[in-house]
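Asker: next one to model:
(one chain, ligands or ions: 1)
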Amino acid sequence: MRELYLKAPAKINLALHIKGLRDDGFHELQMIMQSISLADRIKLKKKSGGIIVKTSHTELPTGKENLAYQAAEIFLKQNPEITQGVEIYIEKNIPIAAGMAGGSTDAAAVMRGLYQLFELEVDFNKMRQALETIGSDVPYCLEGGTVYASGRGEILEPLPFIGEKYLVVVTPAFKISTPMVYKLYDNLKGYQDFNFDLLLANLKNEGEIDWQLDYKNDLKKAAENICPEIKEIKDIFKNTKAEFTMISGSGPTVFSIYSSRELAEKAAANWPRKNDFVTAVRTIDSY
Ligand code: C5P
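Answerer: So this is what the prediction gives:
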C-alpha cells in the first residue's frame with residue numbers, strides 16, 4: 001500500500017466531572033465521551049524517509065508541536081524495521097482549540113493509519129499506551145463511540161452507543177487554552193455535586209437518555225468566564241427547541257441535541273451569529 005485516506009472524527013462530552021487535582025498536576029476526571037460525524041480527513045503517503053505534515057489550515061503547526069507528527073514519530077520509533085517515512089496531509093474541518101479533540105483525533109488516526117499503511121498487525125493496547133503520552137484524549141480517539149473515560153481521560157470503558165442523534169455544534173471564533181480553563185476552575189472552586197453512577201446506569205440501560213440526570217460539565221463556569229460568548233450562544237440555542245445544550249470539553253464549543261434531523265438543520269441554517277463555526281451533525285458509533 002502506498003497511500004491511505006482516513007477519517008478522524010471529533011468528540012463531544014456528554015458529561016465532564018472533575019474529582020480533584022492529582023499529584024502530577026492533571027485532574028482526576030469522569031467523562032462521557034461521544035464521537036460525532038464532524039471529521040478531519042487525513043491522507044498518509046509513504047516517502048523515502050522522515051515525517052512531513054501538510055495541512056489545509058494555515059494556523060495549524062506542521063512541526064513537532066503537531067500531535068499527528070508526534071504520533072508518526074512514536075510509530076517509527078516503535079517499529080525500527082520500517083526505514084521509510086511518511087507524508088501526512090490533514091484536511092482540517094474540526095475547529096482548533098475548541099474542546100472537540102481536533103488535534104487528538106488526528107494523532108489517533110495517524111497511528112491507526114500507519115499500522116494499515118505498513119501492513120503491521122494491529123495492537124490496540126500498544127497503540128493506546130503510546131498515544132497516552134501525546135495527550136489525555138488521544139487514546140479515546142483511537143476507536144471513539146460512546147465511552148466512559150476516567151483517570152486523566154485514558155482509562156476507557158465502552159458503553160452502548162446512544163444511537164443516532166442529531167445535533168448542532170457552534171464554535172465562536174475564540175481559541176481557548178485548556179490549561180487556563182482548568183487553572184481557573186481550581187481558583188473558582190466551583191465544585192458541583194455529581195451522581196455519575198446514576199448517569200452510567202442510565203447509559204447502560206440502553207433506554208432513552210434522561211437529560212435531567214447529571215449530564216453537565218464542571219468546566220462550564222471557568223470556560224464561560226474566559227469566553228463570555230458561550231452564554232450568548234446558549235441563549236440563542238434556548239429558542240431552538242433543543243432537548244439538551246452544553247459546552248464540550250473546556251469549550252468554547254457549545255452543542256445542542258435535537259429530536260429530529262430537521263430541527264437540527266433548521267437551527268443551523270438560521271444561526272444568527274455570522275462569525276461562528278456552525279454545523280449540523282450526528283452522533284456516530286465506534287469506528
Ligand atoms: O493531556 P492534554 O495535553 O490534552 O491536557 C491539556 C491540559 O489540560 C493539561 O496541560 C492540563 O492543564 C489539563 N488537563 C488536566 N487534567 C486532565 C486532562 C487535562 O488538568 N485529566
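
Asker: from here on, just use CA atoms for contacts and neighbour counts.
Answerer: Fine.

Asker: Three-state assignment for the residue nearest to residue 216 when sequence neighbours are not counted, please.
Answerer: Nearest residue to residue 216 in three dimensions, chain neighbours excluded: residue 15, at 4.9 Å (Cα to Cα, 6 or more residues apart in numbering). With DSSP: H, G, I helix; E, B strand; the rest coil as the basis, residue 15 sits in strand.

Asker: list the contacts of residue 15.
Answerer: When contacts are counted by Cα atoms under 8 Å, 6 or more residues apart in numbering, residue 15 touches 30-33, 214-217.

Asker: go with 10 Å
Answerer: Applying Cα atoms under 10 Å, 6 or more residues apart in numbering to residue 15 gives the contacts 30-34, 148, 194, 196, 199, 214-218, 246-249.

Asker: so which elements touch the helix or strand where residue 73 lies?
Answerer: Assigning secondary structure by DSSP states H and E places residue 73 in helix 67-78. Using 3 or more Cα pairs under 10 Å, 6 or more residues apart in numbering; DSSP states H and E, the elements in contact with helix 67-78 are strand 51-55, strand 85-91, helix 102-117, helix 124-132.

Asker: looking at those, which is buried most?
Answerer: helix 102-117 (a mean of 25; mean count of other Cα atoms under 10 Å).

Asker: alpha carbons only: can I get it in PDB?
Answerer: Presented in PDB, the C-alpha positions along helix 102-117 are these (Å, rounded to 0.1, in the frame of the first residue of the first chain):
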ATOM      1  CA  GLY A 102      -9.400  18.000  17.000                       C
ATOM      2  CA  GLY A 103      -5.600  17.600  17.400                       C
ATOM      3  CA  SER A 104      -6.000  14.400  19.500                       C
ATOM      4  CA  THR A 105      -8.200  12.700  16.800                       C
ATOM      5  CA  ASP A 106      -5.700  13.500  14.100                       C
ATOM      6  CA  ALA A 107      -2.900  11.900  16.200                       C
ATOM      7  CA  ALA A 108      -5.000   8.700  16.800                       C
ATOM      8  CA  ALA A 109      -6.000   8.400  13.200                       C
ATOM      9  CA  VAL A 110      -2.300   8.700  12.100                       C
ATOM     10  CA  MET A 111      -1.300   5.900  14.500                       C
ATOM     11  CA  ARG A 112      -4.200   3.700  13.300                       C
ATOM     12  CA  GLY A 113      -3.400   4.500   9.600                       C
ATOM     13  CA  LEU A 114       0.300   3.900   9.900                       C
ATOM     14  CA  TYR A 115      -0.400   0.300  11.100                       C
ATOM     15  CA  GLN A 116      -2.500  -0.200   8.000                       C
ATOM     16  CA  LEU A 117      -0.200   1.600   5.600                       C
END
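
Asker: does that helix come close to the ligand?
Answerer: No. No part of helix 102-117 sits near the ligand under the criterion Cα under 6 Å from any ligand atom; the closest distance found is 7.6 Å.
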